[in-house]
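Novice: Next input, structure requested:
(chains A and B, ligands or ions: 2)
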Amino acid sequence: MVVNIKNLVKRYNELLAVDNVSLSIKEGEIFGLLGPNGAGKTTLINTILGLTRFDEGSIEIFEKDFKKHEYDIKKEIGIVPQDLAIFEDLTAYENVDYFGRLYGLKGNLLKERIEEALNFTGLQERKKDFPKKFSGGMKRRLNIACAIMHHPKLIIMDEPTVGIDPQSRKMILESVKKLNKMGSTVIYTSHYMEEVEEICSNITIIDHGRIIAKGTKEELKAMIAFEERVTIQLSAISFNLVDDIKKIDGVKECLLQENELLVVSVRGAGNLSRIIDEVGGKGIEIKGLNIEKPTLEGIFLILTGRSLRD
Amino acid sequence: MRNIIFTVYYTILRYFRDKKTLVTMIVFPLVLIFILGSALSTAFTPSEMGKTKVAYLSLDKGGFTQAFEEFLQVEDVEELLEVVEIESYEEGVSLISQQKVSGFIFIEEDHSLRLQEGKEAKVKIVSSRYGNFRSKVIANVVEAFTNGSNAIAATATLGKMNPNYNPGNSIDYSTISIKGRIPTSMDYYSVTMLAMIMMYGSSYGIYGIAQDYFDSIGSRIKASPIRAYQLYIGKTLGIVLTLTLQALIVVLFSKYAYGVNWGGSIGVIMLICFSLATLSTGLGVMLSMVTGDRRAANNISSILVPVFTFISGGYMPLSNFGGGKIAGLFDRLKLVSPNYLTQRAMFNQIFDGSLKGAEVFIMGLWAISLMLFLTSIMAGRRQVQ
Ligand SMILES: Nc1ncnc2c1ncn2[C@@H]1O[C@H](COP(=O)(O)OP(=O)(O)OP(=O)(O)O)[C@@H](O)[C@H]1O
Ligand SMILES: [Mg+2]
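Specialist: Numbers count the residues shown, from 1 in each chain, chains lettered A, B, ... in the order given. Ligands and ions are numbered 1, 2, ... in the order given. This is a model prediction of the structure:
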């Protein structure tokens, strides 16, 4: 277990920022921590890093007690803070050099790793420039470069993609996957559903400091998939089609709009082939078929009654 | 150790890249020194440098001694000299070698007699450091008297002794004669403006440490395996050295471009600068830690620094400012001003040429620094949430 948190509680005076959270993160995972603004993501991460004291519970990292092995543990972690944490008055190269030294790198290894990190984030050509000349996306990438040059076992990224161009975002998401393939466990927080859905193997959703759902992507979706929706584009229509499909087991609703048939079934009905047979049996050609999958966005909506980005 | 060194390196690098602050810390004081130094170009009187301590022994019981001792009590002379009466010649010499006094005035047993007989009689002045400002003051006071008394002796012989002879008048002459030795206003403001700008350097301490403690960069640094004390020492030392280097530039520029008298040893001046830099950094760190709020810390320091500068005579010499009670209050207040300690240390070094005279003030600076850093460490412990 890379991270093991038990019954963690953190209060800011009256405000309960982390409310009895337990979670464990396995080696090799990309662990997604999803939640809206103020959910407590950053607070949770900061307690893991020892940046914020917590009131109750326990945190184990690399199966060691944080307090006893603080410096050994810190050496193996890379942190990409939510707010840019780079020096505006140092060049890209110097920034990475500074943080590399903080992690005890020196000599040739340090130089190698700086080049590697700059290449990795696509900043090699701009290494002599100051961040004030950088776009938002480039700054974000430098923010990442400063966190990975020591090849940490655990990389924690706190919303590394806020407010940047799609190209940089794509690059960052790709690099997260690459880092993970190279052996790092990743904790990735976001309030962007698509991102977490794209890269994370395990996801925990928090709101108001509480875990409201956790599991793999599929498990989470299954939790809320009360119904399955299929839309079928037809070459023609037939009079009894709607009535006949409604007779199929599990079908709750069937609607025909122009040439498109919408079939809503109860969850796990397993009746798709019978629906297709029914259509085919009437001599109608199927021009297209679309199975609507539940999204994480939908999960959040259902669990909290609110949209993630309000 | 490596952690401390690269932190120092990057701290200095970053401050020297900050052109705006660099202008404030280097160009601004140089301009002020030039303007104040040339606008108020009248020389300062020696009394503004504080009294010169002198040992005094006369073995002569005659009229000369009596007249000389009266002369020493004339107000103008008392402003210049603090006389320590001693018992033996050896004592005088030893006080000088211990640097407890700047000079020793000695009058031989038969002085009055020899004068009456028209023989040559000289007042002996002993000083270990010839040519420095304070021994020059002593020499000139004695010279002023002997010139006067020679004049009396001469007129007395002719039977036209002037009973209204006022030896105090001859001091004017001596003031003029030592003009070249006393600080010009350029010299004076070089020291006070340097002290002031270095005190304003406390904002380096405020923002420098604040960045590493409260900003997102601070989170990143705290999440890294550097020990807090290494970071703290490296950062602080980096700021102190930055301020000292900036001071060095001001000192060298004013020395060669304005001809400011920084005394015989730039090394000692830099030691004093280093001490003040430590204090002002400590002040910034302390304010930042105690308030936990840079804006508040900066507001406090931007009130404190002008006050410190004012009470220590940084903007204008304050000898007897406001008169009576007010002057007395200022005299006591200025003792807690780091600017005052710095100025005294520097003036003593420049015009006495002695580290001894500066030592006590340098130690004062370090004592205050120590208190400031201890306070910040205690406040820092409290602040981690
Ligand atoms: N230092 C602090 N003092 C008091 N309250 C705080 C502090 N830091 C965070 N909070 C509060 O704790 C709650 C959780 O904040 P946190 O920053 O962890 O949320 P988040 O999920 O990271 O949000 P975002 O997506 O906006 O980054 C919020 O209500 C916030 O106002
Ligand atoms: Mg956050």
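
Novice: quick one: contacts for the closest residue to ligand 1 within the stretch 201-310 of chain A?
Specialist: For the stretch 201-310 of chain A, the residue closest to ligand 1 is residue A:209, as judged by CB to the nearest ligand atom, at 6.8 Å. The C-beta positions use only the backbone N, C-alpha and C, and glycine is treated the same way. Contacts of residue A:209 were listed using CB atoms under 8 Å, 6 or more residues apart in numbering or on different chains, and they are A:10, A:16, A:17, A:18, A:19, A:21, A:39, A:40, A:43.

Novice: A helix includes the fifth one, no?
Specialist: No - counting by DSSP: H, G, I helix; E, B strand; the rest coil, residue A:19 is not part of a helix but strand.

Novice: could you redo the contacts of residue A:209 as CSV and give each row distance to residue A:256 and neighbour count?
Specialist: Output for these, formatted as CSV (distance: CB to CB, whole Å; neighbours: other CB atoms under 10 Å in any protein chain shown):
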residue, distance to residue A:256, neighbour count
A:10, 54, 23
A:16, 50, 16
A:17, 51, 22
A:18, 50, 28
A:19, 48, 16
A:21, 48, 22
A:39, 42, 23
A:40, 46, 23
A:43, 51, 22
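
Novice: want to throw the residues you listed into a markdown table with pLDDT?
Specialist: Output for the contacts of residue A:209, formatted as a markdown table (pLDDT from 0 to 100):
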| residue | pLDDT |
| --- | --- |
| A:10 | 94 |
| A:16 | 92 |
| A:17 | 93 |
| A:18 | 94 |
| A:19 | 92 |
| A:21 | 94 |
| A:39 | 90 |
| A:40 | 93 |
| A:43 | 94 |
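
Novice: quick one: which of those residues is nearest to chain B?
Specialist: Among the contacts of residue A:209, residue A:10 lies closest to chain B (CB to the nearest CB), at 9.7 Å.

Novice: Need the per-residue pLDDT for residue 50.
Specialist: Went with chain A since none was named. We have a pLDDT of 86 for residue A:50.

Novice: looking at chain B here, not the other one
Specialist: On pLDDT, residue B:50 comes in at 69.

Novice: contact partners of the strand or helix carrying residue B:30?
Specialist: Using DSSP states H and E, residue B:30 sits within helix B:28-39. By CB under 8 Å, 6+ apart, the surrounding residues in contact with helix B:28-39 are B:184-190, B:193-194, B:196-197, B:250, B:253-254, B:258, B:260.

Novice: what does stretch A:119-132 give?
Specialist: By CB under 8 Å, 6+ apart, the residues outside stretch A:119-132 that reach it are A:86-93, A:95, A:115, A:118, A:133-134, A:138-139, A:141-142, A:144-145, A:148, A:171, A:175, A:178.

Novice: what about the helices in the stretch 51-200 of chain B?
Specialist: B:63-72, B:75-80, B:89-97, B:111-116, B:133-157, B:170-177, B:185-200 (DSSP state H, counting those that start in this stretch).

Novice: Out of those helices, which gets nearest to ligand 1?
Specialist: Nearest to ligand 1 among the helices of the stretch 51-200 of chain B is helix B:185-200 (30.9 Å), distances taken as CB to the nearest ligand atom.

Novice: Output the contacting helices and strands for the closest one.
Specialist: Counting contacts by 3 or more CB pairs under 8 Å, 6 or more residues apart in numbering or on different chains; DSSP states H and E, helix B:185-200 packs against helix B:28-39, helix B:228-257, helix B:266-291, helix B:294-311, helix B:338-352.

Novice: Take the last one, keep the C-alpha atoms, and write them as CSV.
Specialist: It refers to helix B:338-352. C-alpha atoms of helix B:338-352 as CSV (Å, rounded to 0.1, in the frame of the first residue of the first chain):
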residue,chain,number,x,y,z
PRO,B,338,20.0,50.0,15.5
ASN,B,339,20.8,53.0,13.3
TYR,B,340,22.4,54.8,16.3
LEU,B,341,24.5,51.7,17.2
THR,B,342,25.6,51.4,13.6
GLN,B,343,26.5,55.1,13.2
ARG,B,344,28.4,55.2,16.4
ALA,B,345,30.3,52.1,15.4
MET,B,346,31.1,53.5,12.0
PHE,B,347,32.1,57.0,13.2
ASN,B,348,34.3,55.6,15.9
GLN,B,349,36.0,53.3,13.4
ILE,B,350,36.3,56.1,10.8
PHE,B,351,37.5,58.9,13.0
ASP,B,352,39.3,57.0,15.8
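
Novice: Flag every buried residue along the next helix or strand after it.
Specialist: Next in sequence after helix B:338-352, counting helices and strands by DSSP H and E, comes helix B:355-383. Neighbour-count burial for helix B:355-383 flags B:355, B:357-358, B:361-362, B:364-365, B:368-369, B:372-373, B:375-376, B:379-380 (criterion: 16 or more other CB atoms under 10 Å in any protein chain shown).

Novice: ranking the helices of the stretch 51-200 of chain B by burial, who's on top?
Specialist: helix B:185-200 (a mean of 25; mean count of other CB atoms under 10 Å in any protein chain shown).

Novice: hmm, back to that, tell me which entries of the contacts of stretch A:119-132 lie within strands.
Specialist: Secondary structure defined by DSSP state E assigns none of the contacts of stretch A:119-132 to strands.

Novice: If any of those residues are buried, give me the PyMOL selection for them.
Specialist: The PyMOL command for the buried members of the contacts of stretch A:119-132 (criterion: 16+ other CB under 10 Å) is given here:
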select buried, chain A and resi 86+87+89+90+91+92+93+95+118+134+138+139+141+142+144+145+148+171+175
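
Novice: Quick one, which of the helices of the stretch 51-200 of chain B gets closest to residue A:75.
Specialist: helix B:185-200 (38.5 Å; CB to CB).

Novice: what's the angle from that closest one to helix B:338-352?
Specialist: 140 degrees (axes from the mean of the first three to the mean of the last three CA atoms, to 10 degrees).

Novice: Okay, angle between helix B:185-200 and helix B:28-39 too, please.
Specialist: Counting by the same axes, to 10 degrees, helix B:185-200 lies at 150 degrees to helix B:28-39.

Novice: Run the angle between helix B:185-200 and helix B:266-291 for me.
Specialist: Helix B:185-200 and helix B:266-291 meet at an angle of 30 degrees, taking the same axes, to 10 degrees as the criterion.

Novice: how does chain A divide into domains?
Specialist: Chain A breaks down into these domains under automatic domain parsing: A:3-220, A:226-293.

Novice: sorry, that was for chain B
Specialist: If you go by automatic domain parsing, chain B breaks into B:2-44+B:182-384, B:52-170.

Novice: For ligand 2, find the nearest of those domains.
Specialist: Proximity to ligand 2 (CB to the ion) singles out domain B:2-44+B:182-384 among these, at 10.9 Å.

Novice: Output the set of residues of chain B in proximity to chain A.
Specialist: Those residues of chain B that sit near chain A, judged by CB under 8 Å from any CB of the partner chain, are B:2-3, B:6, B:10, B:13-14, B:17-18, B:215-217, B:219-227, B:384-385.

Novice: Tell me where the stretch 101-250 of chain A has strands.
Specialist: Using DSSP state E, counting those that start in this stretch, the strands of the stretch 101-250 of chain A run over A:154-158, A:185-190, A:202-207, A:210-216, A:227-234.

Novice: Distance of residue B:345 relative to residue B:201?
Specialist: 17 Å (CB to CB, to the nearest Å).

Novice: For residue 54, which residues are in contact?
Specialist: Defaulting to chain A. Residue A:54 touches A:8, A:9, A:10, A:18, A:47, counting by CB under 8 Å, 6+ apart.

Novice: think we crossed wires, I meant chain B
Specialist: Neighbouring residues of residue B:54 by CB under 8 Å, 6+ apart: B:81, B:82, B:83, B:84, B:101, B:102, B:103, B:104, B:105, B:138.

Novice: what sits against the fourth one?
Specialist: With contacts defined as CB under 8 Å, 6+ apart, residue B:84 is in contact with B:53, B:54, B:55, B:56, B:95, B:101.

Novice: what's around residue B:98, how many residues?
Specialist: 10 (other CB atoms under 10 Å in any protein chain shown).

Novice: swap in residue B:285?
Specialist: Counted with other CB under 10 Å, the neighbours of residue B:285 add up to 30.

Novice: Many thanks, we can stop here.
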